[in-house]
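Q: no letters, just coordinates:
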């Protein structure tokens, strides 16, 4: 029994490492190709859309190459929700968003009070693009829709699915680990707690509905709100 558990644990860890390694490899290859085709483009605000497209493709590509991708794509089914469960999910989504924005404001105030001048690189790039005259409407597919779809497939579909097989009776632990990995992949201390909280909410919705679409919708809505608040 113990040997079987250890084998399953090793297989799960190997799967997660392979997922993240392939993500980094694809991102490096596509990034290098982009710099070869458009040298010097990284210093331009117009580079935001291609960089976000590269990141989105980097999340999706490993799922096309690995068996875990089939399980992730299988979750792209419309949830069958009763009125009661639909109402519960809508209330939970509203609570998740409200709490996330409140925590984000607290994070910002705390770091300001501590005198830490932290910046979120992704937010800075978006602000540069907007200030350079790029219409927010043009940025919606790259900032709201594509990240929500690609990241939910990768994290809630593949990563969470792998962790659920390792700990099927500990869903909250699985949601927590998935949300922390989700926040870490954004490579920013500023907003880490907020992203972890959002990720936990997305994981909860996925587990509750057995579908990625509620999390994708909430993820896209969150990014859309952030875009128009910048």
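A: All right, it came through fine. Just so it is clear, the structure is predicted and the values come from calculations on it, not from any experiment.
Q: gap between stretch 75-82 and the chain center?
A: 20 Å (CA atoms, centre = their mean, to the nearest Å).
Q: would you map the helices across the chain?
A: 2-37, 48-65, 68-74, 83-114, 121-131, 136-140, 146-151, 160-166, 171-184, 192-209, 213-229 (DSSP state H).
Q: any chance of those in JSON lines, with mean neighbour count too?
A: All C-beta spots, glycine's among them, are computed from the backbone N, C-alpha and C. Below are these laid out as JSON lines (neighbours: other CB atoms under 10 Å):
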{"stretch": "helix 2-37", "mean neighbour count": "13"}
{"stretch": "helix 48-65", "mean neighbour count": "19"}
{"stretch": "helix 68-74", "mean neighbour count": "18"}
{"stretch": "helix 83-114", "mean neighbour count": "13"}
{"stretch": "helix 121-131", "mean neighbour count": "16"}
{"stretch": "helix 136-140", "mean neighbour count": "14"}
{"stretch": "helix 146-151", "mean neighbour count": "21"}
{"stretch": "helix 160-166", "mean neighbour count": "21"}
{"stretch": "helix 171-184", "mean neighbour count": "18"}
{"stretch": "helix 192-209", "mean neighbour count": "22"}
{"stretch": "helix 213-229", "mean neighbour count": "19"}
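Q: could I get those helices as CSV with mean pLDDT?
A: Output for the helices of the chain, formatted as CSV (pLDDT from 0 to 100):
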stretch, mean pLDDT
helix 2-37, 86
helix 48-65, 92
helix 68-74, 92
helix 83-114, 93
helix 121-131, 85
helix 136-140, 93
helix 146-151, 97
helix 160-166, 93
helix 171-184, 96
helix 192-209, 96
helix 213-229, 96
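Q: how far away is the most centrally placed residue in the chain from residue 60?
A: The centre of the chain sits closest to residue 151, judged by CA atoms, centre = their mean, with a distance of 3.9 Å. Distance of residue 151 to residue 60, computed by CB to CB, to the nearest Å: 10 Å.
Q: please apply the same query to residue 123.
A: Applying CB to CB to residue 123 and residue 60 gives a distance of 23 Å.
Q: in contact with residue 173, which residues?
A: residue 167 (CB atoms under 8 Å, 6 or more residues apart in numbering).
Q: run through who's touching stretch 184-203.
A: Contacts for stretch 184-203 (CB under 8 Å, 6+ apart): 92-93, 96, 99-101, 103-104, 107-108, 111, 118-123, 152, 155-156, 160, 174-176, 178-180, 182-183, 215, 218-219, 222.
Q: ok, now stretch 55-68?
A: Residues contacting stretch 55-68 (CB under 8 Å, 6+ apart): 15, 18-19, 22-24, 26-27, 30, 69, 72-73, 142, 146-147, 149-151, 153-154, 157-158, 161-162.
Q: go with 6 Å
A: 15, 19, 22-23, 26-27, 69, 72, 146, 150-151, 153-154, 158 (CB atoms under 6 Å, 6 or more residues apart in numbering).
Q: chain center to that stretch, what's the gap?
A: 13 Å.
Q: now swap in stretch 138-156 and tell me
A: Taking mean C-alpha positions (CA atoms, centre = their mean), stretch 138-156 and its chain are 8 Å apart.
Q: over to stretch 186-199?
A: Taking mean C-alpha positions (CA atoms, centre = their mean), stretch 186-199 and its chain are 10 Å apart.
Q: same question for stretch 65-78.
A: 16 Å.
Q: quick check: end-to-end length of it?
A: 24 Å (CA to CA, to the nearest Å).
Q: can we start the residue count at 47 from this point?
A: Renumbered: residue one is now 47, and that last one reads stretch 111-124.
Q: hang on, the earlier thing: using TSV, please lay out the contacts of stretch 101-114 together with distance to residue 181.
A: As requested, the contacts of stretch 101-114 are exported to TSV (distance: CB to CB, whole Å):
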residue	distance to residue 181
61	41
65	35
68	34
69	30
72	29
73	27
115	34
118	33
192	17
196	22
197	24
199	27
200	28
204	33
